[in-house]
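Peer 1: Following is a predicted model, sequence given first.
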Amino acid sequence: MQKTIRTSQNPQNVIEVLSDPNYFLKKVFPGVKTITVNEDLSFNLVGSFISIPSIVTYALGVRRYKLINGVSYLFNGININGRGEIKIVLKEGNLNINVEYEGQYEGALLSRIMKNLDKLEKDLDKDVANYKAR
């Protein structure tokens with residue numbers, strides 16, 4: 001699945017913000033409760049979402065790779081079967097975001113991620129400006 005977000009912010013600032021797992025992972029993955037940094041600088045993420053008829057609690061192992069003009073997050077299920085990638089590339093003021101996931105709860109997880117990317121689109125310029133002001 002793909003999403004393009006237009007931004008008027010400085011490209012380096014945008015990539016810096018999106019490379020911050022405490023910002024990006026909480027914004028994009030549904031119901032994030034905790035993010036833990038491991039010794040090898042990978043992350044464990046725990047979250048939950050409703051998948052009728054129950055609430056699904058999921059745990060992912062996440063690795064972040066900084067690219068020249070973007071960032072990539074690779075993730076694997078810890079307590080669910082599945083793996084995926086969110087790759088973000090900034091080109092000419094556009095963030096091109098590619099989301100891939102195959103596995104358990106595929107439809108539910110992908111739809112929530114895409115919905116959260118819609119929210120990110122609305123907040124990104126303001127969030128980048130506020131992030132740099134800290």
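Peer 2: Thanks, I have the structure now.

Peer 1: shaky segments in the chain?
Peer 2: For the chain, the stretches flagged by pLDDT under 70 are 132-134.

Peer 1: out of all of them, which strand in this protein is the longest?
Peer 2: Looking across the chain with DSSP state E, the single longest strand is strand 54-67.

Peer 1: Tell me the helix or strand right after that strand.
Peer 2: Later in the chain than strand 54-67, the nearest helix or strand by DSSP states H and E is strand 70-77.

Peer 1: Paired strands for that next one, with orientation please.
Peer 2: Here strand 70-77 is paired, per DSSP bridges, with strand 54-67 (antiparallel), strand 82-91 (antiparallel).

Peer 1: ok, back up a step: output the longest strand of the chain in CSV, but only the C-alpha positions, please.
Peer 2: Provided in CSV are the C-alpha atoms of strand 54-67 (Å, rounded to 0.1, in the frame of the first residue of the first chain):
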residue,chain,number,x,y,z
SER,A,54,-11.8,-9.3,20.7
ILE,A,55,-9.0,-7.0,21.5
VAL,A,56,-5.7,-8.1,19.9
THR,A,57,-2.5,-7.3,21.8
TYR,A,58,0.5,-7.5,19.5
ALA,A,59,4.2,-7.3,20.0
LEU,A,60,6.7,-6.5,17.2
GLY,A,61,10.5,-6.4,16.9
VAL,A,62,11.4,-3.3,14.9
ARG,A,63,14.7,-2.3,13.2
ARG,A,64,15.2,1.2,11.8
TYR,A,65,17.5,1.9,8.9
LYS,A,66,18.3,5.5,8.0
LEU,A,67,18.5,6.1,4.3
